[in-house]
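**Student:** fold the following, please.
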Amino acid sequence: MHKKLIFLIFFIFYKTLIFSQLSISGIILDQKNEPLPFVNILINKNQTDGVSSDIDGKFSIQSNESIETLTFSFVGFEKLVYKIQKEDFEKKLVLQMKSTAFDLKEAVVVAGENPAHRIIRNVVKNRDQNNPEKMESFQCLTYNKMIIELLPDEVKIKEFQVKHQNSEKQSQKKQSKNFEKILQNAKLAHLFLMESVSERSFLFPEKNRELVLHNRVSGFQDPSFVALTNDFQPFSFYGDYIEILDKAFLNPISPNSTKKYFFNCYNSPRV
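**Tutor:** Model prediction:
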């Protein structure tokens, strides 16, 4: 009887400990809805009590004390203080952090040649020396990422909204709202995202072989979308032209590129 009483007390005490522990989890995203890894998270603003998000932006917190606030901090982003609600313990949080706007240093215009052009000329001069395709052979793994953004004409959209802000026509009101949604979606998400990891082999002079090991196209599983990764081969910065989507562009580090591109150099040394 004595042993049963001890066991019963221990069971009640153990059960109380389990249910007194609070648990909360979620994911942290940036303004483009991409996960933020290794974000610092403080519990109740306690400098000695906190965790970090993992590489996928996910976090999980367990505490025996009440959780009232979570403070998120990450380099290049505004600090986020989130006040915990009772219902937050029953769901996964999805939080978004805003990037910090930095003030650029004053730019001083100096008469004469752009100092960045001297750097570009040196890069072009040593291009053949650093070109891996001038070697007898090499093999490497490459990571390729292509992002296509939706860039609406914000100026014209704002002009349309101002012009028709007092309009009583339903069609113009609806069109103005649609334009506003387009602007918001363009800031929050990519139009198209493609990533791939490939194994590249090269044998002088022109034997190239590339094997796509992993790929992802905007989350699509359809083979017709995934096959697109084979059409986007990584380009080289050592040729005179760069081909993207069957269009040739002058390489920024090629001869006479300073006549086609504007190069900027901050804090360049004086000569």
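**Student:** tell me the secondary structure at residue 214.
**Tutor:** strand (DSSP: H, G, I helix; E, B strand; the rest coil).
**Student:** quick one, what contacts residue 179?
**Tutor:** The neighbours of residue 179, taking C-beta atoms under 8 Å, 6 or more residues apart in numbering as the test, are 152, 157, 160-161. C-beta here means a position set from N, CA and C on the backbone, and glycine is covered the same way.
**Student:** what is the nearest of those to residue 198?
**Tutor:** residue 152 (33.1 Å; C-beta to C-beta).
**Student:** residues near the closest residue to the closest one other than its chain neighbours, how many?
**Tutor:** Counting by C-beta to C-beta, 6 or more residues apart in numbering, residue 152 lies nearest to residue 182, which is 5.3 Å off, once chain neighbours are set aside. Look at residue 182: counted by other C-beta atoms under 10 Å, it has 14 neighbours.
**Student:** just checking, what packs against the helix or strand where residue 143 lies?
**Tutor:** Here residue 143 is covered by strand 137-148, with elements defined by DSSP states H and E. Here strand 137-148 touches strand 192-203, going by 3 or more C-beta pairs under 8 Å, 6 or more residues apart in numbering; DSSP states H and E.
**Student:** now do residue 264, the pLDDT please.
**Tutor:** What the model reports as pLDDT for residue 264 is 77.
**Student:** confirm it sits in a strand?
**Tutor:** No. Secondary structure of residue 264 (three-state DSSP): coil, not part of a strand.
**Student:** for it, which non-adjacent residue is closest in space?
**Tutor:** Closest to residue 264 by C-beta to C-beta, 6+ apart is residue 116, at 6.0 Å.
**Student:** am I right that the one you found is in a helix?
**Tutor:** Yes. Residue 116: assigned to a helix according to three-state DSSP.
**Student:** from residue 210, how far off is it?
**Tutor:** 33 Å (C-beta to C-beta, to the nearest Å).
**Student:** name whatever forms a beta bridge with residue 210.
**Tutor:** Applying DSSP bridges to residue 210 yields these beta-bridge partners: residue 200.
**Student:** so it touches residue 200, yeah?
**Tutor:** Yes. Assessed by C-beta atoms under 8 Å, residue 210 is found in contact with residue 200 at 4.8 Å.
**Student:** mind listing the helices for the stretch 1-150 of the chain?
**Tutor:** 2-20, 115-125, 127-130 (DSSP state H, counting those that start in this stretch).
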